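# just to be clear, the model below is a prediction. Sequence and coordinates:
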Amino acid sequence: SSAGSLAASPVMAGSLGALHPGGALPQNPVHDRAIKATTIREYLRSVTCSRKEVETFLDPKQPNWAKFDPELGYTLRTNVLKDGMDGCRTVETFVKTGERLTINGAQKPCRMNAYGNSFTLCQETSDGETWEEYLAAHLGEPIRNFGIGGYGTYQAFLRMKREETTPSGAEYSLLTIWDLDDYFRSIDAWRWIRFGPWWRTQPGHLNMFHGNPWNHIRLNLQSGEPIEIENSFRTPESLYKLCDPDFVYEHFKDDLVVQLVAAENGATDINRTELKRVAEALNVKPSFESAEATVRTARAVHTEYALRVGMRVIEKARAYAGSQRKKLMVLLSFGAHSVAAACEGRPRFDQSVVNFLRERGIPFADVLEKHAEDFRSFKISPQEYADRFYIGHYSPKGNHFFAFAVKDAIVNWLDPKPLAYRKGSETIPAVI
């Protein structure tokens, strides 16, 4: 498909084969666990916040995982969570400049900053067990970790713009894109709409409330150009509006993503005329002949729209890096379900993004291919293989795999090479 315009080969919403041959669209655990609803109002009522959720989130005395931010929705606080391997607690330490604690090479100048979501943050592992720390120890130089759990690619890009204008800025930026959901998150006005019902079933969800409204990005269907949209809830007090089901309905009912998500979850009062218009602009063949066909159409449109926007975000990140005389590399990261699917030999959902990166000459590392290659060394099932590395997020073993899966691409990208790969005498004076 062409990343330069909306033109693309048709996506058949009936067969879904163009997006994910094998009979189904890419798995999205958040979607698949969401509540079913017959109307948009019913769906939005199910995600309306309780006052207790908002009060707990805004209370600085609570042991909360996140804290309010007017642009990005939230950033993170130092915390200890019982979410690690074997049921252990993990320690996440954030320093005054905002990034996760740097350990390896902390005393040295830093020329690499990593941005992304929880797979960049390395949720469910402690300080020192992140892929940034494993790689930094190997290369002999630090990598700052600016990952924030729950961010989409666009929100990670905004974090990059914020940090790269401070003394923490670095010459090289690593932008990690995780699986399909990072593309969806970029276009969410309020991510809670998609994952709130599921999140409420998780232990300790009150003190890990996040996903409140943030700056997001959409697509001009005529020009194909991105539209950056400011957060409508830029004060802590404004979040209390999200506790009013009537306000939530009136404010969000016509939002494109809400229409799509509601349709995916069974709502029958969606604006089919608008969804048909969007589908045709994206060259997706729509079908509303049955409830199942409507769900499949909405999922196909949602996925294609999000991937198109994702490519625009990558373009914006590269342009910004160039304007600051910095360099950008994209790291493609994936969840256990996508890794297992790749090991089964299923075509990937993001082939259009991979093609785009290659065509535009944007440096990137593809960890899905690295996993598929590694799997061929085993005589176990794809799910057994994925279980070696994941506990939800990567385990420490998974972070170690990721570090060395992206290592060669990063070493070949840096100039000069990191200490561990610098040419010269066998013994190089240490740089302290």
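It's in. Residues are numbered from 1 along each chain as shown.
# contacts for stretch 236-250 next, please.
Applying CB atoms under 8 Å, 6 or more residues apart in numbering, the set of residues contacting stretch 236-250 from outside is 40-41, 44-45, 47-51, 54, 57-58, 68, 190, 192, 212-213, 232-233, 251. For glycine as for every other residue, the C-beta is placed from the backbone atoms N, C-alpha and C.
# show me which of those residues are buried.
Buried members of the contacts of stretch 236-250, counted by 16 or more other CB atoms under 10 Å: 40-41, 44, 47-49, 54, 57-58, 68, 190, 192, 212-213, 233, 251.
# among these, which are in helices?
Members of these lying in helices (criterion: DSSP state H): 40, 41, 44, 47, 54, 57, 58, 192, 251.
# wait, the second one touches residue 253, no?
Yes: under the criterion of CB atoms under 8 Å, residue 41 makes contact with residue 253 at 7.3 Å.
# which helix or which strand is home to the nearest residue to residue 417 once chain neighbours are set aside?
Distances taken as CB to CB, 6 or more residues apart in numbering put residue 411 closest to residue 417, at 6.2 Å, once the chain neighbours are dropped. In this structure, residue 411 sits in helix 396-413 according to DSSP states H and E.
# what average pLDDT does that helix get?
Averaging pLDDT along helix 396-413 gives 98.
# just stretch 43-63 next, same as before
Summarised as a single mean, pLDDT over stretch 43-63 is 97.
# what's the helix or strand for the residue nearest the centre of the chain?
By CA atoms, centre = their mean, the chain has its centre lying nearest to residue 182, at 2.7 Å. Using DSSP H and E, residue 182 sits within helix 181-187.
# contacts for that helix, please.
28, 30, 116-117, 150-156, 177, 191, 194, 216-219, 257, 302-303, 305-307, 309-310, 313.
# please, where are all the helices along the stretch 1-150 of the chain?
In the stretch 1-150 of the chain, the segments counted as helices under DSSP state H, counting those that start in this stretch are 29-32, 40-47, 51-58, 118-121, 131-139.
# need those helices in a markdown table with distance to residue 382, can you?
Shown next, in a markdown table, are those (distance: least, CB to CB, whole Å):
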| stretch | distance to residue 382 |
| --- | --- |
| helix 29-32 | 17 |
| helix 40-47 | 33 |
| helix 51-58 | 37 |
| helix 118-121 | 19 |
| helix 131-139 | 22 |
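# and residue 178, its phi and psi?
Residue 178 adopts backbone torsions of phi -100, psi 110, taken as degrees, to the nearest 10.
# what's the neighbour count on residue 97?
Other residues lying near residue 97 total 12 when counted by other CB atoms under 10 Å.
# with residue 417 instead?
Using other CB under 10 Å, residue 417 has 13 other residues around it.
# brilliant, that's me finished.
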